[in-house]
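Engineer: take this sequence and fold it.
(chains A and B)
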Amino acid sequence: MDVALSKNARRVLRTFFGLLVVFLYAPIAILLIFSFNDSDLPTFPLSGFTLRWYHQFLNNADLRGALETSALIAAISSVGAVLLGVVASIALVRRRFRGKGAVSALLLSPLVIPYVVFGISLLLFFHAAGIPRSLLTVVIGHIVISLPYTILVIVPRLTQIDVSLEEAAADLGAGPFRTYRSIILPLIAPAVVSALLIAFTTSFDEYAVASFVVGTRVTFPIYLYGALRFPNRLPQVIAVAVVVMIVSLVVVIGAEVGRRVAERRLDAVA
Amino acid sequence: MRTRLATPGLLGLPLVWLVVFFLIPIGIVGAYSVDALHGPEIFAEAHNVTFAGWTHFFHSSVYLGLFWKSVKMSLIVSLVVVALAYPVAYYLALSGTKRKYVLLLILIAPFLTSYLLRVLAWKVILGNNGVLNSFLAWTGIRSADHPLSQLLYSRFAVMLVLAYVWVPFVALPIFVSLETIDRRLLEAASDLGASRLQAFLKVTLPLSLPGVIASFLFVFIPTVGEFVTPSLVGGPSGYMYGNQISDLFSTGFPDWRTGSVLALFLLGVVTLLTAAFSRFLRLGETASA
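Structural biologist: Numbering: from 1, shown residues only, chains lettered A, B, ... in the order given. Sure thing, here's the model as predicted:
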């Protein structure tokens, strides 16, 4: 006898799981359908197939500019967050020091601050310091909010790596930098890549904080938010939405699968 | 021989970054909230520090009322989300299905796509001339002259969208807490004559409670200060505390002192909650799942 679930309960739960998946994916499917619908309004009945909205968004210079701005900000801030995340994770896992609890609480605290509060904090800070809002101010904010995610991905991987590998390298005469470059970095590389992608997608999608510190060059989420107020731009926005969602799904799932495969191989070698 | 990088060298940069761009900015909000700073000048002349903003806030039925309204909305959302995610996580963790990690990924994947775009999807669906109403009219279920008009721009829309956004995310911590339960405990309960329901109530549920509490907080904390979803689908009746903060800093009628007070009050509440329940939040374990 199964002690956790009766046959009927299993059937009920399986159905419930199915319904929840439908609830989660139906809105995405609806966007997909209407991105090909030949009408200015997303309404039933459907009025024929078109690629017009995809053409329109590809030819929309503002939209492309916003996508490029977001990609640039996401690239810089993800690299910054991962650099900080790697050194912080090494310190947290490999070092003993006083106040470790407080330090790790501080490093993870951006996870639990309401973004509206962090957004206005940065706004007032830059204002008080006389720093004009620009791409740089958005990058600074995004590094803060991505940093804890990078630590959460890298720390578990570091704890799996045997300290004796580092000691062996040291015994063989490798200096600290050499040890990190040739032993630690290759072993944590899959986690680092995964952290980069998480930080990149976090930044690329981030609206709340950016809305307070963005300069004159708008990011993609800010463009999107603005476009939602104009019904005539809705169809192209739906088309962009479909593309962005599919790309991010493929990237994130691919990264997760890739990380697991790569770590398994590395562990087999080490 | 020095074989290790010094701890200050490793921790220096991340800590400096968070102190300068996270803690000091929050301190500056504090300065604005008591009038130690205002206007565009740089840390300039000393102002008279006053707690008028705080006194006003604690005597204002408008701001506190709005805060309670947001707390209530956010509580309902968190409860609904946990109630939806728990059975699903239970199914994945305990039914013995072989593809549980694939199914889990299917469940979580929507969370990894753009937040704003998932809100957009509901705006398209719920509008008066949206997908749902036009579908009902087209199929003749409801007359086109009488659309369901309370769908979009309502408190209901805000809570529906927030629940939609957060369900995939909370399934994970609940799944982890159920997955780590030793199955032999359930077998022992069964051998001792407990029914499945009794075993669930006395063994499984209490052991999974940390995951449930963590999930609850993971939803409650971001949603109580939410302003993006209510501004897109909420209308006046879905207006939340976070919108008020955001509006006090917008270009219309800015009031940075009051806005700072509101923001710090929210931060204080969230910090207290996090501290009180920190032992349930074991972030590292959730991340390594």
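Engineer: which element is the nearest residue to residue A:223 once chain neighbours are set aside on?
Structural biologist: Distance criterion C-beta to C-beta, 6 or more residues apart in numbering or on different chains; nearest residue to residue A:223, sequence neighbours excluded, is residue A:66 at 3.7 Å. (C-beta placed from N, C-alpha, C; glycine too.) Using DSSP states H and E, residue A:66 sits within helix A:61-94.
Engineer: can you check residue B:90 too?
Structural biologist: With DSSP H and E as the test, residue B:90 turns up in helix B:61-94.
Engineer: same thing with residue A:246?
Structural biologist: helix A:234-269.
Engineer: buried sites along that helix?
Structural biologist: A:234-242, A:244-245, A:248, A:252, A:255-256, A:259, A:263, A:266 (16 or more other C-beta atoms under 10 Å in any protein chain shown).
Engineer: and chain B, which of these contact it?
Structural biologist: When contact is defined as C-beta under 8 Å from any C-beta of the partner chain, the buried residues of helix A:234-269 meet chain B at A:234, A:237, A:238, A:241, A:244, A:245, A:248, A:252, A:256.
Engineer: circling back to that earlier point, so what's the gap between the helix holding residue A:246 and the chain middle?
Structural biologist: Relative to the chain's own centre, helix A:234-269 is displaced by 10 Å; criterion: C-alpha atoms, centre = their mean, to the nearest Å.
Engineer: surely residue A:133 meets residue A:210?
Structural biologist: No - counting by C-beta atoms under 8 Å, residue A:133 does not reach residue A:210; the two are 10.1 Å apart.
Engineer: coming back round to it: same for the helix holding residue B:90, what does it pack against?
Structural biologist: Using 3 or more C-beta pairs under 8 Å, 6 or more residues apart in numbering or on different chains; DSSP states H and E, the elements in contact with helix B:61-94 are helix A:7-35, helix B:52-58, helix B:100-108, helix B:155-179, helix B:205-224, helix B:241-248, helix B:256-276.
Engineer: quick one: closest of these to residue A:220.
Structural biologist: Nearest to residue A:220 among those is helix A:7-35; the distance by C-beta to C-beta comes to 16.2 Å.
Engineer: what about residue A:133 and residue A:210, which has more around it?
Structural biologist: residue A:210 (26 against 16; other C-beta atoms under 10 Å in any protein chain shown).
Engineer: can the helix or strand harbouring that one be found next to chain B?
Structural biologist: Element membership of residue A:210, judged by DSSP H and E, is helix A:208-213. Yes - for helix A:208-213, a contact with chain B is found by C-beta under 8 Å from any C-beta, at A:208, A:211, A:212.
Engineer: quick one: the last one from residue A:126, how far?
Structural biologist: In this structure, residue A:212 and residue A:126 are 9 Å apart, going by C-beta to C-beta, to the nearest Å.
Engineer: and if you look at the second one?
Structural biologist: Note on residue A:211: its distance to residue A:126, by C-beta to C-beta, is 14 Å.
Engineer: grab the nearest non-local neighbour of the residue of chain A found nearest chain B.
Structural biologist: For chain A and chain B, the shortest gap (C-beta to the nearest C-beta) falls at residue A:114, measuring 2.8 Å. Leaving aside its sequence neighbours, residue A:114 sits nearest to residue B:225 (C-beta to C-beta, 6+ apart; 2.8 Å).
Engineer: near chain B, which residues of the stretch 151-270 of chain A?
Structural biologist: A:152-153, A:155-156, A:170, A:175-177, A:179-180, A:201, A:205, A:207-208, A:211-212, A:221, A:224-225, A:228, A:234, A:237-238, A:241, A:244-245, A:248-249, A:252-253, A:256.
Engineer: pLDDT below threshold where in the chain?
Structural biologist: No chain was given, so I picked chain A. Scanning chain A for pLDDT under 70 picks out A:1, A:270.
Engineer: ah, no, chain B please
Structural biologist: Ranges of chain B meeting pLDDT under 70: B:1-6, B:38-47, B:144, B:147, B:281-289.
Engineer: would you pull up the residue in it closest to chain A?
Structural biologist: Residue of chain B nearest chain A, by C-beta to the nearest C-beta: residue B:225 (2.8 Å).
Engineer: and the spatially closest residue to residue B:124 that is not a sequence neighbour, how far is that from residue A:101?
Structural biologist: Excluding the flanking residues, the one nearest residue B:124 by C-beta to C-beta, 6+ apart is residue A:42, at 4.9 Å. Distance of residue A:42 to residue A:101, computed by C-beta to C-beta: 51 Å.
Engineer: which one's more surrounded, the two?
Structural biologist: residue A:42 (25 against 9).
Engineer: my guess is that one meets residue A:231, correct?
Structural biologist: No - the criterion here is C-beta under 8 Å, and residue A:42 misses it with residue A:231 at 9.8 Å.
Engineer: give me the buried entries from the residues of helix A:208-213 next to chain B.
Structural biologist: A:208, A:211, A:212.
Engineer: sorry, back to before: next, the buried residues of the helix holding residue B:90.
Structural biologist: For helix B:61-94, by 16+ other C-beta under 10 Å, it's B:63, B:66-67, B:69-71, B:73-74, B:77-78, B:80-82, B:84-94.
Engineer: burial count for residue B:115?
Structural biologist: 16.
Engineer: OK, contacts around it?
Structural biologist: Taking C-beta atoms under 8 Å, 6 or more residues apart in numbering or on different chains, we find residue B:115 in contact with A:205, A:207, B:165, B:228.
Engineer: which of these lies closest to residue B:217?
Structural biologist: So of those, ranked by how close each gets to residue B:217 (C-beta to C-beta), first place is residue B:165, at 16.0 Å.
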